[in-house]
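[1] From the sequence below, what's the structure:
(2 chains)
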2 protein chains.
Amino acid sequence: MKRRQFLQTAGAGLVAGTVASPAIAQSAPEIRWRLTSSYPKSLDTIYGGAEVLARAVSEATDGRFQIQVFAAGEIVPSLQALDAVQNGTVEMCHSAPYFYVGKDPTFAFGTAVPFGLNTRQQNAWFNHADGMTLLNELFGRFGAYGLPGGNTTAQMGGWFRKEIKTVDDLKGLKMRIGGLGGQVLARLGVVPQQIAGGDIYPALEKGSLDAAEWAGPYDDEKLGFQKVAPYYYYPGFWEGGASIHFFINKAKWEELPKNYQAIVRQAAAFANADMMEKYDARNPAALKSLVAGGAQLRPFSQDILEAAFKATSEIFDEIAARNDLFKRTYESMKRFRNDEYLWWQVCEYTYDNFMIRNRTRG
Amino acid sequence: MKRRQFLQTAGAGLVAGTVASPAIAQSAPEIRWRLTSSYPKSLDTIYGGAEVLARAVSEATDGRFQIQVFAAGEIVPSLQALDAVQNGTVEMCHSAPYFYVGKDPTFAFGTAVPFGLNTRQQNAWFNHADGMTLLNELFGRFGAYGLPGGNTTAQMGGWFRKEIKTVDDLKGLKMRIGGLGGQVLARLGVVPQQIAGGDIYPALEKGSLDAAEWAGPYDDEKLGFQKVAPYYYYPGFWEGGASIHFFINKAKWEELPKNYQAIVRQAAAFANADMMEKYDARNPAALKSLVAGGAQLRPFSQDILEAAFKATSEIFDEIAARNDLFKRTYESMKRFRNDEYLWWQVCEYTYDNFMIRNRTRG
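    Below is the predicted model:
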């Protein structure tokens, strides 16, 4: 009650000020929004992306625009965050578009698709090619406006109880993996499983699960999988740079004063870069700690990667044949990817190549 | 005069509003700053970074905080931008810290050093390790507060009239290159030259210059070097990810209301990511165009890279022995680099490796 009274008083003050300086009154209203995250607080880097945005917006508006962040499950379940935005339960959410491939497989391009763009390329495609235009055509069908809001960077391929050397070794393997990555691995003989985070460890321990993908070293370290499934494969070819988005209810977005829209856009861009930087800063120490704790690093073999690449192309062509927006988005991403890796192989890759070879000398 | 009258009227309005809503009056003053860029408008991506920041700040404040951007030379020469900030000629500038290695070689770490961090690693070191803390200790000695404000991504090694296959081929070569990269190449026999951008082409054409480094494909394409020095070498090992900064006069920064500081910080982060994304989006097409126009792509040989790496370590150890802040910054960067490339070689690099090998199949 007291808060409400305060807001009303402040509102009255605003109106009084309006007479002399209309720009301020229009541009600095008191607004309170709720944001539901698809992540628990324990995944501090990815969950923290929403808090980074909320703090940035509050600081930029001197506390006049407050966004309260709720962890997954506090208001709505993790995978219903977009629905909650669409139906107005919350004004916005922080979630991974690929959670919603059941609504439309095109959502996958908003996060990561097998053999898609790496982190930097994806941000370039989003913001300086037609990535976000295509994705917002999709998001708009679900009453939402989307802004990129974080990236986990390239993920690992997950934890395996036994070594996987050939495509044959994948046959019949029960692996915790969802989405298009799961569909691709299914074509190679894997039996994809959907298991909640907390149930993975005991399932791997007793052997009812053979493998599980999660994220990268920093997040994986918290779950201790190296003790029960020590073979830690790379790269996670289904997530070369997994992007998280802020989804905002379209009507609520359009109601915002222009300067608040600008502040939210800039805060989202800040959160987008900040999450990538945090993962880049945090993954190395976690990787060392995991290896010290028993993780056995293993690369996927070239024949596994090539079989998965072939399966990906087949699946994507099938979906594209029946979904026009998926087709247009896929073709845009492929064109962009083709050009990007032409350039990457010349400069970025050769720089990293030399630096990796010389690492121990530095 | 009319503008001044308008400002006074708006200011009077603000005071009237203050009685009822003091927070607004404190947090939304009318402010006009001048920013001098170290770049000409023709380098639209890098010069544009300052305009991106200025527009973002204006939009977030509904036009109340205006930053007017001036190209290099309009107020002060390109390489005196930081001096103009320090002495208060302008409130801020957009410049490359390594232009100021003559004041202190530690400035180089603010942009790029030979065999330094790649673009992503550098942003992670700046913001989530002690990079910006160390750099702001340096910038503070020159009356400035710095914020990362753009990155060119990994640069090319420049244009050569003849093929360079061995370290011996570098001996006596007159090359347009400055800073620490020039010092490193000098140890390999190169004779570094300082020549303004517009003078490079005729010098290469008549042979008074043998080689020149500039930036990457998008910027290089504008100058047409492929017609007179067709061998286009990579990677530019002295700039694995060259960062541009906003320098703000410290007293002016501290005078800003807290919310304006937040807005500037977020706008700088937005501009920082935006420039990287633009170069990532624009370099591939420019590279194709350059090759179609006669550029001959060549990698530096391993023995050249290794000799340059050795020379870099020697030079850095010499500087570190006489400059404590350089030593601390170098050691911080080296530790960070060592960990980063340990992780990079596992996941990011192997992902890019497969994608490059499969590029033509996609």
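[2] In this structure A:Gly216 contacts A:Thr152, no?
    Yes - assessed by Cβ atoms under 8 Å, A:Gly216 is found in contact with A:Thr152 at 6.2 Å. C-beta here means a position set from N, CA and C on the backbone, and glycine is covered the same way.
[3] which residues do these two both contact?
    A:Tyr279 (Cβ atoms under 8 Å, 6 or more residues apart in numbering or on different chains).
[4] Show me the domain layout of chain A.
    The record's domain split for chain A, according to the TED database, is A:31-152+A:241-282, A:158-237+A:297-353.
[5] so which of these is the most packed in?
    domain A:31-152+A:241-282 (a mean of 22; mean count of other Cβ atoms under 10 Å in any protein chain shown).
[6] Chain A: strands as residue ranges?
    With DSSP state E, the ranges of strands along chain A come out as A:31-37, A:65-70, A:92-95, A:144-151, A:158-160, A:174-176, A:191-193, A:211-212, A:231-234, A:243-249, A:296-299.
[7] which outside residues touch the shortest one?
    For strand A:211-212, the external contacting residues (Cβ under 8 Å, 6+ apart) are A:158-161, A:164, A:173-177, A:195, A:200, A:203-204, A:225, A:229.
[8] So what would you say the end-to-end distance of stretch A:169-182 is?
    End-to-end distance for stretch A:169-182, by Cα to Cα, to the nearest Å: 16 Å.
[9] pLDDT averaged over it, what's the number?
    Regarding stretch A:169-182, the rounded mean pLDDT is 95.
[10] likewise stretch A:104-114?
    Average pLDDT, stretch A:104-114: 98.
[11] can you give me how far that stretch is from the chain middle?
    Distance, stretch centre to chain centre, for stretch A:104-114: 10 Å (Cα atoms, centre = their mean, to the nearest Å).
[12] quick one, what contacts A:Lys174?
    Listed by Cβ under 8 Å, 6+ apart, the contact partners of A:Lys174 are A:Val190, A:Val191, A:Gln193, A:Ser208, A:Leu209, A:Asp210, A:Ala211.
[13] switch the cut-off to 7 Å
    Contacts for A:Lys174 (Cβ atoms under 7 Å, 6 or more residues apart in numbering or on different chains) come out as A:Val191, A:Gln193, A:Leu209, A:Asp210.
[14] What are the boundaries of the helices in the stretch 51-200 of chain A?
    All helices of the stretch 51-200 of chain A, identified by DSSP state H, counting those that start in this stretch, fall at A:81-86, A:108-111, A:119-128, A:131-140, A:179-187, A:197-206.
[15] Among those helices, which comes closest to chain B?
    Judged by Cβ to the nearest Cβ, the one of these that comes nearest to chain B is helix A:119-128, at 3.7 Å.
[16] Just the mean pLDDT for that closest one, thanks.
    For helix A:119-128, the mean pLDDT works out to 98.
[17] quick one, longest helix in chain A?
    Longest helix of chain A, by residue count under DSSP state H: helix A:258-292.
[18] Check the offset of it from the chain's centre.
    11 Å.
[19] Give me the angle between that helix and strand A:65-70.
    Orientation check (axes from the mean of the first three to the mean of the last three Cα atoms, to 10 degrees): helix A:258-292 against strand A:65-70 gives 30 degrees.
[20] Need the pLDDT of A:Arg359.
    So, for A:Arg359, pLDDT stands at 84.
[21] could you list every residue that touches A:Gly240?
    A:Ala112, A:Gly116, A:Leu117, A:Asn118, A:Ala154, B:Tyr351.
[22] Among these, which one lies nearest to B:Ala81?
    If you rank those by distance to B:Ala81 using Cβ to Cβ, A:Asn118 comes first, at 33.4 Å.
[23] Just to check, the closest one is in contact with A:Ala242?
    No - counting by Cβ atoms under 7 Å, A:Ala242 is not a contact partner of A:Asn118; they are 10.7 Å apart.
[24] Quick check, A:Pro192 in contact with A:Leu180.
    No - contact criterion Cβ under 7 Å: A:Pro192 and A:Leu180 do not qualify, at 10.6 Å.
[25] and the gap between A:Arg176 and A:Ala295?
    To A:Ala295, A:Arg176 is 17 Å away according to Cβ to Cβ, to the nearest Å.
[26] got it, and A:Phe316?
    As judged by Cβ to Cβ, A:Phe316 and A:Ala295 stand 32 Å apart.
[27] same check, this time on A:Thr119
    23 Å.
[28] ditto for A:Met276
    From A:Met276 across to A:Ala295, the span is 23 Å (Cβ to Cβ).
[29] before we move on, what about A:Gly158?
    11 Å.
[30] pLDDT weak spots in chain A?
    Residue ranges of chain A with pLDDT under 70: A:1-26, A:360-362.
[31] Contact partners for A:Asn87?
    For A:Asn87, the contact set (Cβ under 7 Å, 6+ apart) is empty.
[32] Chain B versus that one, what's the distance?
    To chain B, A:Asn87 is 30 Å away according to Cβ to the nearest Cβ, to the nearest Å.
[33] And A:Leu53, by the same measure?
    Distance of A:Leu53 to chain B, computed by Cβ to the nearest Cβ: 10 Å.
[34] And that residue, how far from B:Gly146?
    A:Leu53 sits 24 Å away from B:Gly146, going by Cβ to Cβ.
[35] Also A:Ala251?
    Applying Cβ to Cβ, the value for A:Ala251 to B:Gly146 is 41 Å.
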